[in-house]
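> Predicted model, plus sequence, below.
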Amino acid sequence: MNLRKLFLPVLAGLSPLVLSPAIAADSMISTQTHEVAEKDQTTVTQDPKIAVVQKMITAWNERQWSKVGDLFTEDGVLHSMMLDPVVGRETIRARIIALGEGIEEITLHIHNIGRIGDVVVIERTDEFTYKGHKGKVPVVGILEVEGDKVSVWREYYDRAELIEALGLSDDFDPSA
């Protein structure tokens, strides 16, 4: 049984009332790409924390690897949950540049983006061409934003599915 396929629909279907009426009233902003009311879209685009995350998404989509690094705080953390965290803006920048070398094109398709308290949550599908191989993988990202920078970015995805989508037969060391 593929637990990821069970988890994502459950996450996407959570009602703000299931989380907490206080959170729903005070800080829950959500959008669904196919059912966004104009009022909700305006609220989301005016949210400063979501705006920072949208800059990050744009930098990824435009393959501006150095800019991705610039959008982290000096002591920022990038943590793909099945790997050790990467700590520090310069270390993150080096990791992203190394990972980006084989990416010919990439689009982060955002299905849902919103805030719960001070945390920005994005549900997305990353679609890419890596060394001539087309692939895609569903991802949930949890981002903590301080000012105009990301301080912590936690990524949840199926690592084996990513390796297969990249067209690789074995896992790779992202720090190599």
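Structure received. Residues are numbered from 1 along each chain as shown.

> In contact with the spatially most central residue of the chain: list those residues for me.
Nearest to the geometric centre of the chain sits G141, at 3.8 Å (CA atoms, centre = their mean). Contact analysis of G141 by CB atoms under 8 Å, 6 or more residues apart in numbering lists V121, I122, R124, W153, R154, E155, Y156. (Each C-beta comes from the backbone N, C-alpha and C, glycine too.)

> quick one: which of the residues you listed is most hemmed in?
The most crowded member of the contacts of G141, judged by other CB atoms under 10 Å, is W153 (25 neighbours).

> these two touch, right, that residue and H79?
Yes: counting by CB atoms under 8 Å, W153 touches H79, with 7.0 Å between them.

> shared neighbours of those two, anything?
Between them, W153 and H79 share no contacting residue, judged by CB under 8 Å, 6+ apart.

> Buried residues, the strand or helix carrying G135. List them.
Using DSSP states H and E, G135 sits in strand 133-146. Across strand 133-146, burial judged by 16 or more other CB atoms under 10 Å covers G135, V137, P138, V139, V140, G141, I142, L143, E144, V145.

> Nearest to D171 among those?
D171 lies nearest to V137 out of the buried residues of strand 133-146, by CB to CB, at 13.9 Å.

> how near is that closest one to D126?
Shown here: V137 relative to D126, a distance of 5 Å by CB to CB, to the nearest Å.

> do the same with G76
Taking CB to CB, one finds G76 at 20 Å from D126.

> could you point out where this protein is predicted with low confidence?
Across the chain, the ranges flagged by pLDDT under 70 are 1-45, 173-176.

> which residues in it form helices?
For the chain, the helices defined by DSSP state H cover 3-12, 16-19, 21-26, 38-46, 48-61, 65-70, 89-100, 159-165.

> mind listing what M56 touches?
V68, L71, L143, V150, W153.

> in the sheet, who's paired with the fourth one?
For V150, the beta-bridge partners are F72, V145 (DSSP bridges).

> No further queries at this time; thank you.
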